[in-house]
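> here is the input, now give the coordinates:
(chains A and B)
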2 protein chains.
Amino acid sequence: MADRVYNFSPGPAVLPLAALEQAQRDLVALPGVGMSVMEISHRSKTFDAIFTETRQLLAELIGIPAGYTMLFLQGGASLQFAMLPMNFLRGVEKPADYVLTGTWGNKGKEEAEKQGQVNVVWDGKSHNYSYLPTAADLKLSADAAYLHVTSNETIQGVQFPGDPKFGTAPLVCDASSDFMCRPIDIRKYDVLYACAQKNAGIAGVAVVILKDEMLERTATGLPSMLDYQLHAKNDSLYNTPPVFAIYMLMLVCRWLKNDVGGLAKMEKRNREKAKLLYDVLDACGGFYQGHARPDSRSLMNVTFRLPNEEVETRFLTEAKTHRLIDLKGHRSVGGIRASIYNAMPVEGVKTLAEFMTDFQRRNG
Amino acid sequence: MADRVYNFSPGPAVLPLAALEQAQRDLVALPGVGMSVMEISHRSKTFDAIFTETRQLLAELIGIPAGYTMLFLQGGASLQFAMLPMNFLRGVEKPADYVLTGTWGNKGKEEAEKQGQVNVVWDGKSHNYSYLPTAADLKLSADAAYLHVTSNETIQGVQFPGDPKFGTAPLVCDASSDFMCRPIDIRKYDVLYACAQKNAGIAGVAVVILKDEMLERTATGLPSMLDYQLHAKNDSLYNTPPVFAIYMLMLVCRWLKNDVGGLAKMEKRNREKAKLLYDVLDACGGFYQGHARPDSRSLMNVTFRLPNEEVETRFLTEAKTHRLIDLKGHRSVGGIRASIYNAMPVEGVKTLAEFMTDFQRRNG
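Predicted coordinates for the structure are as follows:
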């Protein structure tokens, strides 16, 4: 541990040390197999065991009942932004409803507009995406192909407080940056997708969980690699899957189950961590200006500004001397962002909170 | 080494031991960085250094001159099968010419047919893809958008003996299973793409090398993630790239340059390895029946059958006791396939050749 820093990167992001150490131990040759997990065929028994365990752990952790299909695809959430409307909006005489809560919601909407009719049912642009809507705020279509939400906006640091309940259209959720940060009721969702590299693993694999009914509605004539139904029929093995990324996802899920004790305990720990930082914002008398309105604050990405850019630069420079790394806000919004995903240890957040208090004392 | 087997898997496949050991050493924390390479931001200086070195090594090894762009994309060659015609065939009043030399060429053609007009200029189906065409065999279109070839067919084990020279249309090559197995003249190609997991790294990243002129011809209105021009403008960082897969590609390229000594030396070693096995086929008096006609034999995938399936099963079972693993032919063609990619040590091939001779003595 001595040479590890506290990594507040928004993704790729910090991983559980237990998962990294396990991967390191077996990297050259899996015990009893004689090959690295990076070298095994995706049609081998060894990979089949890894893939099966990954699915079982996800199903158990999230509580996925029968009637859902899990896919493991490449291209991250960015490819899902396109696949989703290609499968469910193309050739359909209905609009898709999009709730725009930040940068990623907008990116999803832009890709949908290339495939069909889009209805923006709420847009937080006027207040720079600092808070989230309630059901009463939305101007829903009478008969939408689906309603798309982003459960957590990584860049702005706003997060829905629980499972959204908006109308009756199939609910599609981009959960990339808060996947498995807390329990959800998956039965409320028709499609939920997440890239792994923020809260669940490494860049290179996205998890897509679909209600089986949705698989019957996919458009025809799609490129094979962009066809949910085809991937489902082939059990995510139509092409070579990202074997190592799936293996890392399994190790992270093992950590969530065995070391953390499940998503309810993970949520408790995440709430404790977030509170440490939001308490500093609330007590600072305006030195730190939080971006999110308190009712919309993210458990995953804590975003705030300092009095001016010069002080922000000094904050970032001094933070590094405390081994607090990658706290710079996204280039599109500036300021500071502390990404405190599942794998960020409480000690890292405590160190940051103490540094913030001390920095204010010296600069406030 | 003691617990490593000889892995003849067609992909994901054997990796250089030096690359695996280097990855293992630094897996928990890159020296001086304090994070795993799996945890670093793709916008960080650390990743920038990895990405720059990967590109420089590829450019140096392959000899890529100015005027070419290298992209690093997810989705493997399977997604390239679709991206290619989406970018260069969609909305164009010309056909794309496809040379069908085996399973993968056919897969590429099927995806192209969804996007525009396809002209099959040669199809080896009648002889079960056992040999390759010469320029005189092709019925080329007068004015094709591009001509697509597969330099090595992994499943059938046939490989063009050198850079194809077929007509004047832009030449597009799927080099997935023989990428960097020998020097090529990249100036003969307008687009060359390869998934990494056979000869250059791990599953999860594909390298696409395009002549800059091609980037000006891409279709408009494409999904962002499927637009070569957009990826080029964003230097393959439009979305989060598969950081760890690119890192492994870098380590394999370092091995190719420093340990092997470049692609000419790699070819020499590959020819020695392939000769060990083809010499057994040529001397066996028909016990082993090679699939490929001698002039079309692959340096990468050596495919053959034994007198009957029972003997084949015994061959596979006994091979395992000699630590010779994953020699079963693809389910679509059966028989035996020895994939002897760059990273397969000469000792592994020698062990297999000796086993084959001994097995014939006992079963012939």
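> and residue A:121, helix, strand or coil?
Reducing the assignment at residue A:121 to three states with DSSP: H, G, I helix; E, B strand; the rest coil gives strand.
> pretty sure it is touching residue A:95, no?
No. Residue A:121 is beyond contact range of residue A:95, at 9.5 Å (criterion: CB atoms under 8 Å). Where you see a C-beta, it was placed from the backbone N, CA and C, and this is true even at glycine.
> which of these two has more neighbours?
Shown here are residue A:121 and residue A:95; by other CB atoms under 10 Å in any protein chain shown, residue A:121 has more neighbours (24 against 21).
> how far away is the more buried one from residue A:108?
13 Å (CB to CB, to the nearest Å).
> just residue A:27 next, same as before
In terms of CB to CB, residue A:27 sits 36 Å off from residue A:108.
> now for residue A:121 and residue A:95: what residues contact both?
Among the neighbours of residue A:121, those also in contact with residue A:95 (CB atoms under 8 Å, 6 or more residues apart in numbering or on different chains) are residue A:141.
> can you give me the buried ones in the lengthiest helix in chain A?
In chain A, assigned by DSSP state H, the helix with the most residues is helix A:263-283. Neighbour-count burial for helix A:263-283, counted by 16 or more other CB atoms under 10 Å in any protein chain shown, picks out A:263, A:266-267, A:269-270, A:273-274, A:276-278, A:280-281.
> count of residues packed around residue A:204?
Residue A:204 has 33 nearby residues by other CB under 10 Å.
> identify the residues contacting it.
A:74, A:76, A:196-197, A:242, A:244-245, B:74, B:204-205, B:242-245 are the contacts of residue A:204 under CB under 8 Å, 6+ apart.
> looking at the residues you listed, which is nearest residue A:311?
The closest of these to residue A:311 turns out to be residue A:197 (CB to CB; 30.6 Å).
> thinking again about what came up before, so which of the contacts of residue A:204 are in helices?
A:76, A:244-245, B:243-245.
> now, the most widely separated pair of those?
A:76 and A:244 (15.5 Å).
> compare the two (neighbour count), which wins?
residue A:244 (30 against 25).
> any idea how far the more buried one lies from chain B?
Separation of residue A:244 from chain B (CB to the nearest CB, to the nearest Å) stands at 6 Å.
> not counting residues beside it along the chain, what's closest to that residue?
Nearest non-adjacent residue to residue A:244, counting by CB to CB, 6 or more residues apart in numbering or on different chains: residue A:38, 5.1 Å away.
> and the one you found, what's its pLDDT?
Per-residue confidence (pLDDT) for residue A:38: 98.
> and what about residue A:98, helix, strand or coil?
Going by three-state DSSP: residue A:98 is strand.
> who touches it in this structure?
Residue A:98 neighbours (CB under 8 Å, 6+ apart): A:105, A:108-109, A:112, A:118-121, A:147-148.
> repeat that with 7 Å
A:105, A:108-109, A:112, A:118, A:120-121, A:148 (CB atoms under 7 Å, 6 or more residues apart in numbering or on different chains).
> isn't residue A:231 right up against residue A:69?
No. With contact defined as CB atoms under 7 Å, residue A:231 does not count as touching residue A:69 (8.8 Å).
> looking at the two, which is more packed in?
residue A:231 (25 against 19).
> rewinding a little: between residue A:27 and residue A:108, which one's more packed in?
residue A:108 (27 against 18).
> what helices or strands is the helix or strand where the more buried one lies leaning on?
Using DSSP states H and E, residue A:108 sits in helix A:103-113. Helix A:103-113 sits against helix A:76-88, strand A:96-100, strand A:118-123, strand A:147-150, strand A:152-153, with contacts defined as 3 or more CB pairs under 7 Å, 6 or more residues apart in numbering or on different chains; DSSP states H and E.
> just the terminal-to-terminal distance for stretch A:223-237.
In stretch A:223-237, first residue to last residue: 16 Å (CA to CA, to the nearest Å).
> flag the shaky bits of the stretch 151-300 of chain A, pLDDT-wise.
Within the stretch 151-300 of chain A, no range satisfies pLDDT under 70.
> can you give me the helices in it?
Under the criterion DSSP state H, counting those that start in this stretch, the stretch 151-300 of chain A contains helices at A:212-215, A:228-233, A:243-254, A:263-283.
> of the ones you listed, which approaches residue B:48 most closely?
helix A:243-254 (21.4 Å).
> about what we covered before: which of the helices of the stretch 151-300 of chain A sits closest to residue B:346?
So among these, helix A:243-254 is nearest, using CB to CB, at 26.2 Å.
> and that closest one, how far out from the chain middle?
16 Å (CA atoms, centre = their mean, to the nearest Å).
> for stretch A:28-47, same thing?
28 Å.
> which residues does it contact?
A:26-27, A:237, A:240-241, A:243-244, A:247, B:3-5, B:7, B:9, B:12-15, B:20-21, B:24, B:202, B:248, B:326.
> what's the first-to-last distance across that stretch?
16 Å.
> and it, what's buried?
A:28-30, A:33-44, A:46-47.
> my guess is residue A:296 contacts residue A:129. True?
No. Under the criterion of CB under 7 Å, residue A:296 is not in contact with residue A:129, lying 9.1 Å apart.
> so which of those two has more stuff around it?
Legend: neighbour count by other CB under 10 Å for residue A:296 and residue A:129, higher for residue A:129 (24 against 21).
> per-residue pLDDT, that one?
Reported pLDDT for residue A:129: 97.
> equivalent analysis for residue A:1, please.
For residue A:1, the predicted pLDDT is 47.
> so which of the helices and strands packed on helix A:103-113 comes closest to residue B:322?
It's helix A:76-88; of the helices and strands packed on helix A:103-113, that one is closest to residue B:322 (CB to CB) at 41.7 Å.
> got the angle between that closest one and helix B:76-88?
Counting by axes from the mean of the first three to the mean of the last three CA atoms, to 10 degrees, helix A:76-88 lies at 60 degrees to helix B:76-88.
> so how far is residue A:124 from residue A:110?
Applying CB to CB to residue A:110 and residue A:124 gives a distance of 16 Å.
> which of the two has more neighbours?
residue A:124 (21 against 15).
> ok, the more buried one - contacts?
A:100-101, A:131.
> ranking by neighbours, what's the top pick from those residues?
residue A:101 (26 neighbours).
> residue A:294: neighbour count?
Residue A:294: 10 neighbours (other CB under 10 Å).
> stretch A:140-159: how far from the chain's middle?
14 Å.
> nearest to chain B: which residue in the stretch 251-364 of chain A?
Among the residues of the stretch 251-364 of chain A, residue A:326 lies closest to chain B, at 5.9 Å counting by CB to the nearest CB.
> with adjacent residues omitted, what lies nearest to that residue?
residue A:9 (3.9 Å).
> and the one you found, its phi and psi?
Reported as degrees, to the nearest 10, the phi and psi values for residue A:9 are phi -60, psi 140.
> that one contacts residue A:339, correct?
Yes. Assessed by CB under 7 Å, residue A:9 is found in contact with residue A:339 at 6.2 Å.
> from the contacts of stretch A:28-47, keep the buried residues only.
Members of the contacts of stretch A:28-47 classed as buried by 16+ other CB under 10 Å are A:27, A:240-241, A:243-244, A:247, B:4-5, B:7, B:9, B:12-15, B:20, B:24, B:202, B:248, B:326.
> what's the first-to-last distance across stretch A:286-299?
With CA to CA, one end of stretch A:286-299 sits 21 Å from the other.
> buried ones in it?
For stretch A:286-299, by 16+ other CB under 10 Å, it's A:287-288, A:290-292, A:296-299.
> give me the contacts around it.
Residues contacting stretch A:286-299 (CB under 7 Å, 6+ apart): A:130-132, A:152, A:156-159, A:178, A:181, A:270-271, A:274, A:278, A:280-281, A:303-307, A:356, A:360, A:364.
> only the buried subset of those residues, as a PyMOL command please.
For the buried members of the contacts of stretch A:286-299, the matching PyMOL selection, counting by 16+ other CB under 10 Å, is:
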select buried, chain A and resi 130+131+132+152+156+157+158+159+178+181+270+274+278+280+281+303+304+305+306+356+360
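> which among the contacts of stretch A:286-299 are in contact with chain B?
Residues of the contacts of stretch A:286-299 in contact with chain B (CB under 7 Å from any CB of the partner chain): none.
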